[in-house]
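S.K.: below are the sequence and a predicted model; questions follow.
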Amino acid sequence: MSLQFALALFVLADLAAALSVGLERPKNAVRSEWTRLVPMILVGTALGVTLLVNLPRAAGMLLLGLFVLGFAVFTLLPHARARIVSPAWGWVAGLAGGITSTVFGAGGPPYAIYLSQRALTKEQFRATLGLATLTSISLRLLAFVVTGVLLDLEVWRTALAIVPSCLLGIWVARRIYLRISREQLMRAVALLLLGSGGSLIWRALN
């Protein structure tokens, strides 16, 4: 399938998943973190729409994949120690996530990387990441509607098969989440980033 078709399908699947997680317990979200991310997500999404048309996508995707993969490997190393990063990195994470969400359909890694270094509880991490992702995906969906990417009826027909599977995955993941500690959750996030980075590199090279 074409990249535009895939991105349109991703946004519908992602929106279903983000609604399920982001609206589950929004009161657990750290408001200051969310409001720090949102303005730059908006700016990043606007830039991403422009880059979607003009950027040499393979090169950008490869660089993003290498960065995400490198961070995941560093996090998983035995000597890697958790530390609290400056809140100012939230502006960078919001901008990066807005751009990569629109261009690559992968806005989650920058938010997850930033929030995982802010010493949040696992409940705060999940809720804040859920709201940030929901905001990012909603803006991406709006951008795709305006640019006509989501006007293909085949995208919506395919989504009828994809979205229920996503919601089933969320249900399974929620049950796992309730049984694990914050440390196990952060390790799981690192493993997911490892997979995301590898996937981006593979897509860039093929």
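M.R.: All right, it came through fine. Predicted model only: the values in this text are computed from it and were never measured. Numbering: from 1, shown residues only.

S.K.: helices and strands around the lowest-mean-pLDDT helix or strand in the chain, which ones?
M.R.: Least confident helix or strand, the chain: helix 57-76 with a mean of 76, by mean pLDDT, DSSP states H and E. Applying 3 or more Cβ pairs under 8 Å, 6 or more residues apart in numbering; DSSP states H and E, one finds that helix 57-76 contacts helix 89-104, helix 108-116, helix 182-205. Yep, even glycine has a C-beta here, placed from its N, CA and C like the rest.

S.K.: angle of the next helix or strand after the second one against helix 89-104?
M.R.: Tracing the chain C-terminally past helix 108-116 and defining elements by DSSP states H and E, one meets helix 122-146 next. Orientation of helix 122-146 against helix 89-104 (axes from the mean of the first three to the mean of the last three Cα atoms, to 10 degrees) gives an angle of 40 degrees.

S.K.: how close does the residue nearest the centre of the chain sit to Ala58?
M.R.: Nearest residue to the geometric centre of the chain (Cα atoms, centre = their mean): Gly108, 1.4 Å. Look at Gly108 and Ala58: by Cβ to Cβ, to the nearest Å, they are 21 Å apart.

S.K.: and what of Phe10?
M.R.: From Phe10 to Ala58 the distance is 18 Å (Cβ to Cβ).

S.K.: please say which of the two ends up with more neighbours.
M.R.: Phe10 (20 against 12; other Cβ atoms under 10 Å).

S.K.: correct me, but Gly198 touches Leu69?
M.R.: Yes - with contact defined as Cβ atoms under 8 Å, Gly198 counts as touching Leu69 (6.1 Å).

S.K.: who has more neighbours, these two?
M.R.: Each of Gly198 and Leu69 has its neighbours counted (other Cβ under 10 Å); Leu69 has more, 20 against 14.
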